[in-house]
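K.L.:
What follows is a predicted structure for the sequence shown.
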Protein chains: 2
Amino acid sequence: MTIGEAAARSGVSAKMIRHYEAIGLIEAERRANGYRSYGAQDVAVLRFIRHARDLAFPLEDIRRLLALWRDRTRASAEVKHLALGHVEALEAKAASLNAMASSLRHLAQHCAGDDRPDCPILTELEGKTA
Amino acid sequence: MTIGEAAARSGVSAKMIRHYEAIGLIEAERRANGYRSYGAQDVAVLRFIRHARDLAFPLEDIRRLLALWRDRTRASAEVKHLALGHVEALEAKAASLNAMASSLRHLAQHCAGDDRPDCPILTELEGKTA
DNA sequence: CGTTGACCTTCCCATTGTGGGAAACCCGAT
DNA sequence: ATCGGGTTTCCCACAATGGGAAGGTCAACG
């Protein structure tokens, strides 16, 4: 099948499929006319990549995940380790965002939000000497 | 003072100060020799920017915040609106990351994590037809 | 047979915010 | 005069994705 069809079946845009190939994440056969050609297995790989991206795995992690996936003899410990490492990264980032959100929300709470110019949000941004 | 000193006093790298100038967020005087020259007020602006960045405000938001900050007659409602909009963006992203983290953590929980190759994480990434 | 339209190819550019580094310049101190 | 540390500009890189141009391919339709 063509790249367009593989894209439709996998949910990965043709643009991205080409990009993944460019960075060596996947490969593709070529037809006589230069068109890339994909099979069912390729679509499965693309789906795998998409699911991993849906979980925000960086492409470099996905590269390793793909290698583990293809290696029937891998130790599940390796996969788990990679996954849990990513989970921690996600949670750390989420915690950081939540901290910023709540701190800003507290500031906003003390802001009248009317026509008057006084605004603790601005004075806080201005003032913190930290 | 020079850009290096302004950087040291504001906590914004010289590299970033130049960048902020390049995108029109700030301006700078020039000395006869072409060096940028900063005063106490400039450092205050840079601190303001840094604090806003610490709260993950995008630079475009900061551009508006600076305008509001400089406008003594602004309505605090505008600032509050901008801030709360950002809070929602932060919370949305945090929620999304947390969702991914917990979903992945659940998967990992069912992975033995030993020498055996069976790994629900991989089969899930492979399988989801969603 | 020719054109049209839908697809494919590669290549470049933009995003967001930050950093690295090169080549050249300025200046104070030795 | 020279050395070191600052400064200038300019280009490149990251991660992941999209937009779009210029050109090739092919099937279908008239």
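P.N.:
It's in.

K.L.:
Identify the residues contacting the residue nearest in space to the middle of chain A.
P.N.:
Geometric centre of chain A, nearest residue: A:Ala56, 2.9 Å, by Cα atoms, centre = their mean. Taking Cβ atoms under 8 Å, 6 or more residues apart in numbering or on different chains, we find A:Ala56 in contact with A:86, A:90, B:97, B:100. Using the backbone N, CA and C atoms, a C-beta is placed for each residue, glycine as well.

K.L.:
Looks to me like it is in a strand.
P.N.:
No: A:Ala56 is assigned coil when assessed by DSSP: H, G, I helix; E, B strand; the rest coil, not a strand.

K.L.:
State the phi and psi torsions of it.
P.N.:
phi 60, psi 20 (degrees, to the nearest 10).

K.L.:
quick revisit: farthest-separated two in the contacts of A:Ala56?
P.N.:
Using Cβ to Cβ, the pair of the contacts of A:Ala56 lying farthest apart is A:His86 and B:Leu97, separated by 10.8 Å.

K.L.:
for chain A, which spans come out with low pLDDT?
P.N.:
A:128-130 (pLDDT under 70).

K.L.:
mind listing the strands for it?
P.N.:
A:29-30, A:36-37 (DSSP state E).

K.L.:
May I see the ones you listed arranged in JSON lines, with distance to B:Ala108 as well?
P.N.:
Formatted as JSON lines, the strands of chain A follow (distance: least, Cβ to Cβ, whole Å):
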{"stretch": "strand A:29-30", "distance to B:Ala108": "35"}
{"stretch": "strand A:36-37", "distance to B:Ala108": "34"}
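
K.L.:
Deepest-packed of those, please.
P.N.:
strand A:36-37 (a mean of 17; mean count of other Cβ atoms under 10 Å in any protein chain shown).

K.L.:
Other residues contacting that strand?
P.N.:
A:1-3, A:17-18, A:21, A:28-31.

K.L.:
ok, and does that strand reach over to DNA strand C?
P.N.:
Yes: residues of strand A:36-37 are located near DNA strand C by Cβ under 7 Å from any atom of the strand, namely A:Arg36.

K.L.:
Neighbouring strands - and their directions - for that strand?
P.N.:
Take DSSP bridges as the rule and strand A:36-37 pairs in its sheet with strand A:29-30 (antiparallel).

K.L.:
chain center to the partner strand, what's the gap?
P.N.:
Put simply, strand A:29-30 sits 27 Å off its chain's centre (Cα atoms, centre = their mean, to the nearest Å).

K.L.:
Next: stretch A:92-106.
P.N.:
The answer for stretch A:92-106 is 20 Å, by Cα atoms, centre = their mean.

K.L.:
Buried residues of that stretch, list them for me.
P.N.:
A:93-94, A:97-98, A:100-101, A:104-105 (16 or more other Cβ atoms under 10 Å in any protein chain shown).

K.L.:
So is it next to DNA strand D?
P.N.:
No: figure legend: stretch A:92-106 not in contact with DNA strand D (Cβ under 7 Å from any atom of the strand); closest approach 13.2 Å.

K.L.:
related to what we said a few turns ago, tell me the one of the contacts of strand A:36-37 nearest DNA strand D?
P.N.:
Nearest to DNA strand D among the contacts of strand A:36-37: A:Arg31, at 7.4 Å, using Cβ to the nearest atom of the strand.

K.L.:
before we move on, the earlier item: in terms of distance to A:Glu60, which of the contacts of A:Ala56 ranks first?
P.N.:
Among those, and counting by Cβ to Cβ, the member closest to A:Glu60 is A:His86, at 10.9 Å.

K.L.:
Okay then, goodbye and thanks.
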